[in-house]
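Chemist: Build the 3D model from these lines:
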Amino acid sequence: MFESLTEKLQTVFDRMGKRGVLREEDVDAVLREIRLALLEADVNYKVVKDFVARVRTEAVGEEVARALNPAQQVVKIVHQELVTTLGEPGRLQLTGTAPYVIMLVGLQGSGKTTMVAKLARQLREKGRFPMMVAGDTYRPAAITQLEVLGRQLNIPVYSERGKVAPPEICAQGVQAARERGTDVVLLDTAGRLQIDDDMMAELAAIQGRVRPVEVLLVADAMTGQEAVNIAQGFREYVNLTGLILTKVDGDARGGAAISMRAVTGVPIKYLGTGEKLGALEPFHPERLASRILGMGDMLTLIEKAEATYDEQQAQEMEQKLRKGQFDLEDFLDQLRQLRQMGPLQEILAMLPGANRLVKDLPMDQTEQQLKRVEAIILSMTPEERRNPRVLNASRKRRIARGSGTEVQEINQLLMQHRQMQKLIKQLGKGGKLRGGMGLPRLF
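Modeler: Numbers count the residues shown, from 1 in each chain. Have a look, this model is predicted:
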């Protein structure tokens, strides 16, 4: 989402890095470019004005003027001020007497129903026992959708299909959760415009009946500055305690994420990063600021790896590597786990300094090539995967037909696999890498 802003800011810092010492006029010139970059990213103009003023106050000090690398000092200041603008990390306040009620609100089509399931899934992974309540009676498919998601996740769903008012459904759902011993209740409410007084009054009625500990606004990051207006409209009727920004993996300019906390005073608590039920990240301002400045986000990358990597498989893989063994079935397992972590472009963007590599890589072609590699291996027999040396010309032609590829691609994959085996044997014996072999190219 922040690719354009990241690129513009890095261009600014690159030019600044060529200067030996920063004078006050240099700082002003840099800040003009930063101001333009933020405005083009759809950041609220008042937020931009305050942000640039704070950066200028810090950047014209003696510490920066005398620094050996003024550009790095200014990047550090910009990072600190971005973190300040984005606010504190948003954490759910599950306090008081269970069950804790979390109410999700938002516009039509903002993704509330799916977000209820995503949040329930994440809470269960943290040891909670959630229940979902289908409080959207205006969209007939909403109840069915939530029930399907509940069965998929094995999480209970409370629903009513009669002519029962949403405030009553939510109250009954909370009571059902209390009787069941559930400790968290997630309410899915109907989408509505913030200018619809009757519908907004219904939200206030639900809040009055169930007294939620959290009222989270689900806002589409693609709406840009309008997301700020939406948040302010909802605040007039309900006591918002947090924001969830969805579609941050899209091509939005990123201004909403930077603006919303500063303008509304409501903390961002989660970021929706994709369509899958696991595509939900807790909001960490320092990590997001690092991504915006092209500094990567290793902590989130590590968390994604831990969430998708099986511990037993890791131990088995370690034993194989120690023995210098790594067949094509192992290669396929590693490839699948990499893809489970998310789109390759998103993963690479979390590596420090890799954002320029991501920009230059043809990502669509890269993802397609990974799928072709998977198709080639799946077209092999178990014996061929474990012992690729048995692959003769006729076997390769059969595999090429089965995977829709060319024999040349199969030969390339086998050559890369042999390189990896040599590398792994050297590591297993404690040897040093020679000849700058590096990692073999997968695409």
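
Chemist: Run a quick neighbour tally on Ala205.
Modeler: 15 (other C-beta atoms under 10 Å). Every residue, glycine included, has its C-beta placed from N, CA and C.

Chemist: ok, now Leu94?
Modeler: 16.

Chemist: Val48 touches Leu38, doesn't it?
Modeler: Yes. Val48 is within contact range of Leu38, at 4.6 Å (criterion: C-beta atoms under 8 Å).

Chemist: If you count surrounding residues, which of the two has more?
Modeler: Neighbours per residue, other C-beta under 10 Å: of Val48 and Leu38, the larger number sits with Leu38, 28 against 22.

Chemist: Enumerate every residue touching that one.
Modeler: The neighbourhood of Leu38, defined by C-beta atoms under 8 Å, 6 or more residues apart in numbering, consists of 5, 47-48, 51-52, 255, 258.

Chemist: host element of it?
Modeler: Leu38 belongs to helix 24-40 when assigned by DSSP states H and E.

Chemist: after that helix, next one along is what?
Modeler: Downstream of helix 24-40, the first helix or strand assigned by DSSP H and E is helix 45-59.

Chemist: Quick check: which helices or strands does that following helix pack against?
Modeler: Helices and strands in packing contact with helix 45-59 are listed as helix 24-40, helix 70-86, helix 255-264; criterion 3 or more C-beta pairs under 8 Å, 6 or more residues apart in numbering; DSSP states H and E.

Chemist: repeat that with 6 Å
Modeler: Applying 3 or more C-beta pairs under 6 Å, 6 or more residues apart in numbering; DSSP states H and E, one finds that helix 45-59 contacts helix 24-40, helix 70-86.

Chemist: So which of those helices has the densest surroundings on average?
Modeler: helix 70-86 (a mean of 19; mean count of other C-beta atoms under 10 Å).

Chemist: average model confidence for whichever helix or strand comes after that helix?
Modeler: Sequence order places strand 100-106 as the next helix or strand after helix 70-86, per DSSP H and E. Strand 100-106 shows a mean pLDDT of 94.

Chemist: which residues are in contact with strand 100-106?
Modeler: For strand 100-106, contacts defined as C-beta atoms under 6 Å, 6 or more residues apart in numbering pick out 94, 112, 116, 174, 184-187, 189, 203, 210, 212-218.

Chemist: Extract the CA atoms of it and return them as CSV.
Modeler: C-alpha atoms of strand 100-106 as CSV (Å, rounded to 0.1, in the frame of the first residue of the first chain):
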residue,chain,number,x,y,z
TYR,A,100,-16.2,-9.6,26.8
VAL,A,101,-18.3,-8.1,24.0
ILE,A,102,-16.6,-6.8,20.9
MET,A,103,-18.8,-4.9,18.5
LEU,A,104,-17.8,-4.3,14.8
VAL,A,105,-19.3,-1.5,12.9
GLY,A,106,-18.7,0.1,9.4
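
Chemist: Spell out which strands sit alongside that strand in the sheet and which way each one runs.
Modeler: strand 184-189 (parallel), strand 214-220 (parallel) (DSSP bridges).

Chemist: how about the longest one as PDB, C-alpha atoms only?
Modeler: Which is strand 214-220. What follows is strand 214-220 as a C-alpha-only set of coordinates in PDB (Å, rounded to 0.1, in the frame of the first residue of the first chain):
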ATOM      1  CA  GLU A 214     -14.700  -2.600  22.400                       C
ATOM      2  CA  VAL A 215     -16.400  -0.900  19.500                       C
ATOM      3  CA  LEU A 216     -14.200  -1.300  16.400                       C
ATOM      4  CA  LEU A 217     -14.800   0.500  13.200                       C
ATOM      5  CA  VAL A 218     -13.800  -1.600  10.100                       C
ATOM      6  CA  ALA A 219     -12.600   0.900   7.500                       C
ATOM      7  CA  ASP A 220     -11.500   0.300   3.900                       C
END
